[in-house]
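# pasting the structure only:
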DNA sequence: AATTGGTTCTGAACCGTTACGGTCCTTTCA
DNA sequence: TGAAAGGACCGTAACGGTTCAGAACCAATT
């Protein structure tokens, strides 16, 4: 029976026809995919674990790019891509246990997320992305710390010393407001933690007391958050010459807030982002471009690569500093400070 | 064993602990989801069949919105969402047969697509979206014909009689160029066919010979296609007073082409779209807004709704004509024609 | 002491497929 | 003509759970 469908070479055309005929007559709908999966021990799909309410991911251009790359890799391999529902509110891990998949990709979840733990317990290959290197599973990501360090160096060379930061959420609990150095250091989102670390290193080296730098956190990731975060920084210290945002989406929001206050960018204030999304490009945003699509594709390739795994692999993709039209020397500040005390 | 994991009430805590202990000691990774699915006849996932190379969908704002809505509905129900790889080039239907799902959502595929046929043969509930009503499965969509008819009426009332159209692809074969009335009528993409029909009806009623209206088709759906499509129309008939595009993305491309030619919108030429995407809103595009997110959510709800199905349901969502800044009376044309011969 | 009722535990059947090995029949060659 | 070889076909045993019937056990009631 099975042969009639999948192994035409194992039987005569005549018998095959007869089998298929009676199958149709009996209303047999073809081999059951689940039973097949059980027998062959192949689900034909990979699971994707996302941090957010699934729907949130579809609002974030970077996440969409990642998804696209991953989907591309899956399509190439003829594998399905299962979006695993992992509502961060409910600690309900059952969805991870129920997922019939040959492997998992985990994208940017907090490192203490119970869903992540549940994935790691499953006896299937896993690739984590934008996560700390666990040493036990494959990883793909970028050098967030290094990239942000480079961006900071750029700002420092322009003369910026008094800066403010708007970042995405740092942990599972909501904290829309200023961030203590402790919280920065203990952040559960690998990406955000490293970007902040890169900033802190560069500015500390330039003689700035990082603990005095206003860092504002926003739980929701959208332009409105960027705007209100920028407002909060500017309210605290109107003298900042640069607003460093840890994503382009936040930076675009910061730009609108700057405009609302009548601040000209970059003349009155410098604004930077991170990611290199399309809308940022159009706005001429100074940012770090990261290959989000490639990241997704790399994750998929790593997972689907059938070759024998010896030990976990770790892939770092290259980033590129994009100097746009939103960064410049602070007004009358560069030289002063350059030759200053 | 199974009880220890799923029915804590069926056995004493003591035994449960013992079972779980030895399970851990033996390295048992928990119940296998595939075997569970086979036995319970529930896969815990719904399949999504998309027309395009999977990755293309992630470039189309309308598709993303749909995906978001569908993901939302799935998340609510705790169900997974499986993206089924359906490469339109290969006629390989195996991926549909392999998908272990409890149901399918089919989004905007050509009505003669073999993948669609394969889905319909599977003995699981199905919801088609932006597809013709098959009468045998649930459907969700909008009144494309009516909405476009209304948009056309708006243009006609402004005085437009000499118009051109840029539409998305009409069939599986690539045809980047003008479209015969025959091809319009026989289009395999339900949505595009109906939008064109709506236009043809409205303009025919206004006394325009539709067979003389230049209609240009583009296979790829992006702004560049919109621009080149607009160019092709304008090259054929530089006198057209309005460019009607069957999607906002195409319309945005048309806007850039108009700008490139030094045509002021809407003074020199009117441009309209369809969908109501964000970027169009920002451009002040005259368009039809359709609730893409709601469409996805409705499709998911319909599919996951456990209530007894009596007969296939058909849901039509409301659309809204958005009159933006890209439509106006043709230059010196409205009155002339209004009182004209 | 026997019956009843209730709970905890055990074992077997089943879900639908694929892999494997064995039987049977036909063909080929010594 | 007989043996060997090969192809076509068929039956059966897993795969790893869930479910359900009934056994075993214990306590309470008659």
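Thanks, I have it. Source: prediction; values computed, not measured.
# Check whether stretch A:21-29 comes near DNA strand D.
No: applying C-beta under 7 Å from any atom of the strand, one finds stretch A:21-29 separated from DNA strand D by no less than 11.5 Å. Just so you know, the C-beta spots here come from the backbone N, C-alpha and C atoms, and that holds for glycine as well.
# That stretch vs chain B: in contact?
Yes: shown here: stretch A:21-29 in contact with chain B (C-beta under 8 Å from any C-beta of the partner chain) through residue A:29.
# Show the end-to-end separation of that stretch, please.
12 Å (C-alpha to C-alpha, to the nearest Å).
# List of residues touching that stretch?
A:1, A:4, B:121, B:122, B:123 (C-beta atoms under 8 Å, 6 or more residues apart in numbering or on different chains).
# Stretch A:123-139 now?
A:66, A:101-109, A:111, A:116, A:119-120, A:140-142, A:190-191, A:295-296, A:299, A:302-303, A:309, A:312-315, B:29.
# Can you tell me which residues in the stretch 1-150 of chain A are near DNA strand D?
A:3, A:9, A:10, A:11, A:12, A:14, A:15, A:35, A:38, A:39, A:41.
# ok, how many other residues are close to the fifth one?
Each residue near residue A:12 was counted by other C-beta atoms under 10 Å in any protein chain shown, and the total is 9.
# how much space between it and residue A:28?
To residue A:28, residue A:12 is 20 Å away according to C-beta to C-beta, to the nearest Å.
# quick one on the thing from earlier: so which of the contacts of stretch A:21-29 wins on neighbours?
Going by other C-beta under 10 Å, residue B:122 tops the contacts of stretch A:21-29 with 19 neighbours.
# what's the distance between that residue and residue B:136?
13 Å.
# what do you get for residue A:169?
Residue A:169 is 46 Å from residue B:136, by C-beta to C-beta.
# Compare those two and say which one has the larger neighbour count.
Taking other C-beta under 10 Å, residue A:169 and residue B:136 do not tie; residue A:169 has more neighbours (21 against 11).
# If we ignore the residues flanking it in sequence, what's nearest the residue nearest the centre of chain A?
With distances taken as C-alpha atoms, centre = their mean, the residue of chain A nearest its centroid is residue A:108 (5.0 Å). Leaving aside its sequence neighbours, residue A:108 sits nearest to residue A:130 (C-beta to C-beta, 6 or more residues apart in numbering or on different chains; 4.2 Å).
# Tell me where chain A is predicted with low confidence.
A:1-2, A:7-9, A:54-55, A:332-341 (pLDDT under 70).
# So which residues of it form strands?
Applying DSSP state E to chain A gives strands spanning A:45-50, A:80-84, A:104-107, A:126-129, A:138-142, A:163-167, A:177-178, A:215-217, A:242-245, A:270-272, A:287-289, A:314-317, A:320-322.
# how much space between the residue of the stretch 101-250 of chain A found nearest DNA strand D and residue B:27?
Residue of the stretch 101-250 of chain A nearest DNA strand D, by C-beta to the nearest atom of the strand: residue A:123 (9.7 Å). Per C-beta to C-beta, residue A:123 is found 9 Å from residue B:27.
# again, but for residue A:255
Residue A:255 is 54 Å from residue B:27, by C-beta to C-beta.
# try residue A:98
21 Å.
# Those two: which has the busier surroundings?
residue A:98 (21 against 7).
# could you list every residue that touches the closest residue to that one other than its chain neighbours?
Spatial nearest neighbour of residue A:98, excluding adjacent residues (C-beta to C-beta, 6+ apart): residue B:44 at 4.6 Å. Neighbour list for residue B:44: A:95, A:98, A:99, A:100, B:33, B:37, B:78, B:79, B:80, B:102 [criterion: C-beta under 8 Å, 6+ apart].
# anything in stretch A:279-289 near chain B?
No: judged by C-beta under 8 Å from any C-beta, stretch A:279-289 makes no contact with chain B; its nearest approach is 8.8 Å.
# anything in stretch A:20-32 near DNA strand C?
Yes: residues of stretch A:20-32 contacting DNA strand C under C-beta under 7 Å from any atom of the strand: A:30, A:31, A:32.
# Can you tell me which of those residues is closest to DNA strand D?
Taking the residues of stretch A:20-32 next to DNA strand C together and measuring to DNA strand D by C-beta to the nearest atom of the strand, the closest member is residue A:32, at 11.2 Å.
# dump the residue contacts of that closest one.
Counting by C-beta under 8 Å, 6+ apart, residue A:32 has contacts residue B:38.
# wait, residue A:210 sits on residue A:202?
No: with contact defined as C-beta atoms under 8 Å, residue A:210 and residue A:202 do not form a contacting pair (9.5 Å).
# Compare the two (neighbour count), which wins?
Set side by side, residue A:210 and residue A:202 show more neighbours around residue A:202, with 21 against 17, by other C-beta under 10 Å.
# So what's the residue count around the closest residue to residue A:115 other than its chain neighbours?
Distance criterion C-beta to C-beta, 6+ apart; nearest residue to residue A:115, sequence neighbours excluded, is residue A:86 at 4.4 Å. By other C-beta under 10 Å, the residues close to residue A:86 number 28.
# go on, residue A:258?
Residue A:258, neighbours per other C-beta under 10 Å, totals 23.
# Against residue A:237, how distant is it?
Here residue A:258 is placed at a distance of 14 Å from residue A:237 (C-beta to C-beta).
# quick one: residue A:307 and residue A:88, what's the gap?
Note on residue A:307: its distance to residue A:88, by C-beta to C-beta, is 34 Å.
# quick one: which of those two has more around it?
Neighbours were tallied for residue A:307 and for residue A:88 using other C-beta under 10 Å; the higher tally belongs to residue A:88 (16 against 5).
# show me what contacts the more buried one?
Contacts of residue A:88 by C-beta under 8 Å, 6+ apart are A:51, A:52, A:53, A:113, A:172.
# Same question for residue A:198.
By C-beta under 8 Å, 6+ apart, the contact set of residue A:198 is A:144, A:145, A:146, A:147, A:148, A:149, A:150, A:151, A:152.
# Quick check: chain neighbours aside, which residue is closest to residue A:144?
residue A:194 (3.8 Å).
# Can you list the buried residues in stretch A:102-120?
Of all the residues in stretch A:102-120, those buried under the rule 16 or more other C-beta atoms under 10 Å in any protein chain shown are A:102-111, A:113-116, A:118-119.
# What is the end-to-end distance of it?
13 Å.
# And it, how far out from the chain middle?
Offset of stretch A:102-120 from its chain centre (C-alpha atoms, centre = their mean, to the nearest Å): 13 Å.
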